[in-house]
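[1] What would the 3D arrangement of this be:
(one chain, ligands or ions: 1)
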Amino acid sequence: MTGSLVILTGAGISAESGLGTFRDPDGLWAKFDWQALATPEAFAAQPGRVHEFYNARRGNLAAARPHAAHEALARLERDWLARGGDFLLVTQNVDDLHEQAGSQRLIHMHGELKKMRCLGCHSVMEAPLGLGTDTACPRCSQPGFLRPNVVWFGEIPLEMDVIFQALETCTHFAAIGTSGTVYPAAGFSQVAGQAGARLTEINLAETETSPQFHERVSGPASEAVPRWVERILAQT
Ligand code: OAD
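    Down below sits the predicted model:
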């Protein structure tokens, strides 16, 4: 009996691919002011500066490749579904390393760095490496209406209804490489716990939500996740 598995990933799973986390001592929010870069107000006040920040991150992502943890989760999805189980991977990450590794049942609750959205015609499209205030929308031709298709502080994360439905019926929940400080994702373990799911946390360090989990796997994601995937597949 496999059951229904929901996995939440955060920046820690992409750290070993060369993409920075947010709250570690060398993290993005230690170097940059999120209020000036990751809010709708910041974009309204200084769109050029916000584009510059996301263009630099898009540039970093172009060189990044998935590692053993991303690959293990793609394998887990294939094997779990083949055994008749249900599976959903929810990522807070705006990178596309899960897709590159082959994950398919995937929700980007904080959006996608490689996409842009037009505030004029609402189209979501592939973003160029250098998105700017003068870039014209390929669909409606208006310049000045394109924004990175990421969720900023103060905005509602994407596909929350699908995510909560999966959490409320899951039998296993795992949080991987996330500090558990940003809601609503930080509350997912509690919802899954109330549904009776077995809760696993995989992280380099303890987090604020660690006490809620039944099981903790410590270590870098590239080692800890493949080990855990082997184990969970052997048990089911
Ligand atoms: P954080 O930077 O808050 O947390 C990263 C977590 O990854 C920490 O708990 C680290 O201990 C852990 N970690 C670091 N390296 C690791 C490794 N190699 N293996 C395993 N774990 C490792 O990142 P998130 O929790 O993803 O939102 O942050 C959540 C949200 O806050 C982001 O999606 C972003 C940010 O502001 C928005 O921009 C809206």
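[2] ranges for the helices of this structure?
    For the chain, applying DSSP state H gives helices covering 28-31, 34-37, 40-45, 47-62, 68-82, 97-101, 160-168, 188-194, 221-235.
[3] Please spell out the segments of the protein that come in under the pLDDT threshold.
    Within the chain, the ranges that satisfy pLDDT under 70 run 1.
[4] Enumerate the residues of it near the ligand.
    Contacts of the chain with the ligand, taken as C-beta under 6 Å from any ligand atom, map to 10-12, 15-16, 21-24, 27, 38, 92, 110, 151, 153, 177-179, 181-182, 203-205, 207, 220-221. To be clear about C-beta, it is placed using only N, CA and C from the backbone, and glycine gets the same treatment.
[5] how about residue 132, what does it touch?
    Residues counted as contacts of residue 132 (C-beta atoms under 8 Å, 6 or more residues apart in numbering) are 48, 51, 55.
[6] wouldn't residue 95 be in contact with residue 64 here?
    Yes: taking contacts as C-beta atoms under 8 Å, residue 95 lies within contact range of residue 64: 6.5 Å.
[7] neighbour-wise, which of those two wins?
    Set side by side, residue 95 and residue 64 show more neighbours around residue 95, with 24 against 16, by other C-beta atoms under 10 Å.
[8] measure that one to residue 118 for me?
    Distance, residue 95 to residue 118, using C-beta to C-beta, to the nearest Å: 22 Å.
[9] next one: residue 2
    The gap separating residue 2 from residue 118 is 41 Å, by C-beta to C-beta.
[10] neighbour count winner among these two?
    For residue 2 and residue 118, the more surrounded residue by other C-beta under 10 Å is residue 118, and the numbers stand at 22 against 19.
[11] for this structure, which strand is longest?
    Longest strand in the chain by number of residues (criterion: DSSP state E): strand 111-118.
[12] what lines up beside it in the sheet?
    According to DSSP bridges, the neighbouring strands of strand 111-118, each with its direction, are strand 124-126 (antiparallel), strand 146-150 (antiparallel).
[13] Mean neighbour count, those strands: which tops it?
    Greatest average neighbour count among those goes to strand 146-150 (a mean of 22), per mean count of other C-beta atoms under 10 Å.
[14] starting at the chain centroid, how far to that one?
    In terms of C-alpha atoms, centre = their mean, to the nearest Å, the centre of strand 146-150 is set 16 Å apart from its chain centre.
[15] please renumber so the chain begins at 43
    Okay, using 43 as the starting number, the last item reads as strand 188-192.
[16] Extract the CA atoms of that strand and return them as PDB.
    Output in PDB follows, covering the C-alpha atoms of strand 188-192 (Å, rounded to 0.1, in the frame of the first residue of the first chain):
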ATOM      1  CA  LEU A 188       6.000  42.700 -18.200                       C
ATOM      2  CA  ARG A 189       7.000  41.400 -14.800                       C
ATOM      3  CA  PRO A 190       8.800  38.300 -13.600                       C
ATOM      4  CA  ASN A 191       6.200  35.500 -13.000                       C
ATOM      5  CA  VAL A 192       7.300  35.000  -9.400                       C
END
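[17] Okay, angle between that strand and helix 89-104 too, please.
    In this structure, strand 188-192 runs at an angle of 50 degrees to helix 89-104, with axes from the mean of the first three to the mean of the last three C-alpha atoms, to 10 degrees as the basis.
[18] Thank you kindly, that will do.
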